[in-house]
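# Got a sequence here, can you model it:
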Amino acid sequence: MTERRPLSVDLVLAPVDASDESTDAVAHAAAIAAEYDATVHVVHVLGEDVVRAIEAGRVDENEVAADGEAIMQTAQSIAAEHDVDLSTSVAYGFSTTMKLRHPGSVVLDTAEELSADFLVVPREPLSGDPGEVLAKAAEYVLLYASQPVLSV
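Purely as a prediction, here's the structure:
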């Protein structure tokens with residue numbers, strides 16, 4: 001007898017930033033992907049301070065790249081532990097030219113572009129740390145996503 005599942009999942013999207021909650025979100029996304037024989041896509045969402053610094057040419061590109069690489073290596077390790085395939089990308093979570101570009105819209109746009117079936121978003125406390133971009137995005141994603149969302 002085949003197992004009937006109420007949900008079909010091929011791709012799980014996990015937006016991340018530099019927070020511990022993002023690591024938890026990737027772990028949950030990988031566990032869900034393993035259960036459904038799906039893949040995980042991790043999108044590193046850059047915050048307003050970093051985006052403004054990049055656009056103004058006031059950022060150490062090597063430092064930003066190293067931070068991003070560390071985040072993605074953590075995601076790759078978690079995916080490997082769950083034996084799931086992982087793809088990654090980076091997105092600006094803020095724009096100086098597009099009024100409606102913010103972390104929540106970036107998550108939903110990425111989900112749409114990739115045809116994600118399930119979203120796992122970190123729900124973070126507002127500590128004010130510069131690397132924590134997704135603190136306010138979870139509520140927006142929960143309100144407007146057309147896919148099932150797990151907020152962790």
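# who are the neighbours of the helix or strand containing I71, in terms of helices and strands?
If you go by DSSP states H and E, I71 is part of helix 61-81. Contact partners of helix 61-81 among helices and strands, from 3 or more C-beta pairs under 8 Å, 6 or more residues apart in numbering; DSSP states H and E: strand 11-16, helix 20-36, strand 39-46, helix 48-56, strand 86-92. All C-beta spots, glycine's among them, are computed from the backbone N, C-alpha and C.
# deepest of the ones you listed, which one?
strand 11-16 (a mean of 28; mean count of other C-beta atoms under 10 Å).
# Check the offset of it from the chain's centre.
In this view, strand 11-16 has its centroid 5 Å away from the chain centroid, taken as C-alpha atoms, centre = their mean, to the nearest Å.
# So what touches that strand?
With C-beta atoms under 8 Å, 6 or more residues apart in numbering as the test, strand 11-16 has contacts from 22-23, 25-26, 28-30, 32-33, 36, 38-45, 71, 75, 103, 106-107, 110-111, 114-122, 134, 137.
# Now it - C-alpha only, PDB.
Extracted C-alpha coordinates of strand 11-16, given in PDB (Å, rounded to 0.1, in the frame of the first residue of the first chain):
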ATOM      1  CA  LEU A  11      11.600  22.200  -3.200                       C
ATOM      2  CA  VAL A  12      11.800  23.700   0.300                       C
ATOM      3  CA  LEU A  13      13.000  27.300   0.500                       C
ATOM      4  CA  ALA A  14      14.800  28.600   3.600                       C
ATOM      5  CA  PRO A  15      15.800  32.300   3.700                       C
ATOM      6  CA  VAL A  16      18.700  33.000   6.000                       C
END
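# now the angle between strand 39-46 and it, please.
20 degrees (axes from the mean of the first three to the mean of the last three C-alpha atoms, to 10 degrees).
# could you say what helices and strands the helix or strand of the chain with the lowest mean pLDDT packs with?
One helix or strand of the chain scores below all others by mean pLDDT, DSSP states H and E: helix 48-56, with a mean of 78. Applying 3+ C-beta pairs under 8 Å, 6+ apart, we find helix 48-56 packed against helix 61-81.
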